[in-house]
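Q: one predicted model, sequence on top.
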Amino acid sequence: MTVYLDAIWLLNFGFDLLLLKITGIILKRKMVTWRLMLGAFLGSLIVVLMFTPLQALVANPFVKMLFSLTIILAAYGFHRLRVFLENLIVFYVTTFSVGGGMLAVHYALQVDQRFANDTIRSLTTGLGDPISWMFVLIGFPILLYLSKKQFHAVETRKFKYDQLANISITVEKEVISLPGLLDSGNQLLDPITKTPVMIVEVDSLQAFIPQEIIQAMDSIEQTQGWPTFSEETKWVDRIRIIPYRAVGKSTSLMLAIKPDKAVIHHDGKQYETNKFLLGLTKTTLSSEGDYVCILHPKMLQGEVVEQVS
C-alpha cells in the first residue's frame, strides 16, 4: 500500500494544533497563533521521523515525553513551573480524552469487525485514519466558536495588562524595581497624614527590607499592636502602622515603610513621587505572577519627569 507521508503529516499537524487549542481554551491561556503552529509542527515531526532510521529512537517513551515538553514550551512558553505543568497535564488529559473518543467512534460505527477493518483500510489508502480526519475537520469550527466565546475574557485580561506598570523604589540609595498594577480600587491612606499606600508582597522585598521588619509582621498579626524594635533596627524611623479593613473582616493593622521616592513607568510616561507608603502583605496579589504590588492611583499625580515616545 502506498503511504502519502505529506497527508499523514498534515493530519498529525492538524490534530496537534487541535489539541493545543483545546488545552488553551480549557485553561483560558493567551493563545498566539504562530506559537501554536510551531508547537503543532514540532509535534508532527515525530511522524516524519517514524519513516527514518530514527524510528526506534522516537518510539522510546522518554523521547515522546521530551517531544511533549517541547510542544508545550513552544506553544505557551515557560513563565512558572506550576503553570507549565498545568499546561502539560491538561494537554495529556486532552490527548487521552480525544483519543478515547476516537476509539469509541470506531467501535460505534463497526458492525462486523472484519468488515470495519476492511472499510477503514480501504478508506485510508495511505492518507490517514478517516475518523482522525473527521475529528480535525469538525473540531476546528467548534473551537473557532468556543474561541469567540472566550473573547470577552481575553479582552478583560488585556485591560488588566494595560494597567500594569513598572515601579522603582528608592530607600537610602537602595533601589528595587517591581512589576505593579494600577488599581483605582486601592484607596488605602494613612489616616493621619492622608498619604496613599501601595500594597506590596513582602516576599518580593526579602533582599530589600531588613529581616527585623519582616519578622515584625507576625507580631502585628498576633497582637494587633505596635511591635517592639531595637535601637539598631535599620529604617526604624521609617516604620508606620496603617489600620485597614478588608471586605467582610474587622479592622486590622498593616506594617508600612516610608521610602524616599518612586519612579513609575506607565503608558509611555515616567512619574516621580515621594508621597506614598509601602504597605507590606503576605498575600499573593497575582496568581499568574503578573505583578507583586498594587499602586495607589494618587501616585500618578506626581511629577511627570520624562515623556517616552
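A: Nice, thanks for sending it over.
Q: now stretch 209-222, how far from the chain's geometric center?
A: Here the centre of stretch 209-222 is set off from its chain's centre by 30 Å, with C-alpha atoms, centre = their mean, to the nearest Å.
Q: so which bits of that stretch are buried?
A: Neighbour-count burial for stretch 209-222 flags 209, 213-214, 216-217, 220 (criterion: 16 or more other C-beta atoms under 10 Å). For glycine as for every other residue, the C-beta is placed from the backbone atoms N, C-alpha and C.
Q: who touches that stretch?
A: 202, 205-206, 227-230, 233-235, 239, 241, 253-255, 257, 280, 282 (C-beta atoms under 8 Å, 6 or more residues apart in numbering).
Q: what mean pLDDT does it get?
A: Regarding stretch 209-222, the rounded mean pLDDT is 79.
Q: shaky segments in the protein?
A: 1-7, 98-162, 224-225, 230-231, 246-250, 302-309 (pLDDT under 70).
Q: mind listing the helices for it?
A: If DSSP state H is used as the criterion, the helices of the chain fall at 5-27, 33-49, 55-58, 61-76, 81-109, 113-124, 130-149, 151-162, 211-223.
Q: mind listing what's buried in the second one?
A: Read it as helix 33-49. Buried, per 16+ other C-beta under 10 Å, within helix 33-49: 35-40, 42-47.
Q: with distance to residue 289 added, can I get the residues you listed in CSV?
A: Shown next, in CSV, are these (distance: C-beta to C-beta, whole Å):
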residue, distance to residue 289
35, 19
36, 22
37, 26
38, 24
39, 22
40, 27
42, 26
43, 27
44, 32
45, 32
46, 32
47, 36
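Q: for residue 197, state which of the residues you listed is nearest.
A: Residue 197 has its nearest neighbour among the buried residues of helix 33-49 in residue 35, at 39.1 Å by C-beta to C-beta.
Q: from residue 9, how far off is the closest one?
A: Separation of residue 35 from residue 9 (C-beta to C-beta, to the nearest Å): 20 Å.
Q: and if you look at residue 268?
A: 45 Å.
Q: more neighbours, these two?
A: Neighbour tally, residue 268 and residue 9, criterion other C-beta atoms under 10 Å: the higher count belongs to residue 9, 18 against 9.
Q: quick check: that one touching residue 50?
A: No. If you go by C-beta atoms under 8 Å, residue 9 and residue 50 don't touch, sitting 10.3 Å apart.
Q: what's the neighbour count on residue 233?
A: Neighbours around residue 233, by other C-beta under 10 Å: 16.
Q: so how far is residue 256 from the spatially closest residue to it that is not a sequence neighbour?
A: Once flanking residues are discounted, residue 233 sits nearest to residue 212: 5.0 Å by C-beta to C-beta, 6 or more residues apart in numbering. Applying C-beta to C-beta, the value for residue 212 to residue 256 is 15 Å.
Q: same check, this time on residue 27
A: Separation of residue 27 from residue 256 (C-beta to C-beta): 36 Å.
Q: looking at the two, which one has more neighbours?
A: Set residue 27 next to residue 256 and count neighbours by other C-beta under 10 Å: residue 256 wins out with 24 against 15.
Q: ok, that one - contacts?
A: Listed by C-beta under 8 Å, 6+ apart, the contact partners of residue 256 are 190, 197, 239-242, 277-280.
Q: with distance to residue 67 and neighbour count added, can I get these in JSON lines?
A: Formatted as JSON lines, these follow (distance: C-beta to C-beta, whole Å; neighbours: other C-beta atoms under 10 Å):
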{"residue": "190", "distance to residue 67": "56", "neighbour count": "18"}
{"residue": "197", "distance to residue 67": "49", "neighbour count": "24"}
{"residue": "239", "distance to residue 67": "54", "neighbour count": "16"}
{"residue": "240", "distance to residue 67": "54", "neighbour count": "17"}
{"residue": "241", "distance to residue 67": "55", "neighbour count": "15"}
{"residue": "242", "distance to residue 67": "52", "neighbour count": "20"}
{"residue": "277", "distance to residue 67": "51", "neighbour count": "24"}
{"residue": "278", "distance to residue 67": "46", "neighbour count": "24"}
{"residue": "279", "distance to residue 67": "47", "neighbour count": "24"}
{"residue": "280", "distance to residue 67": "45", "neighbour count": "22"}
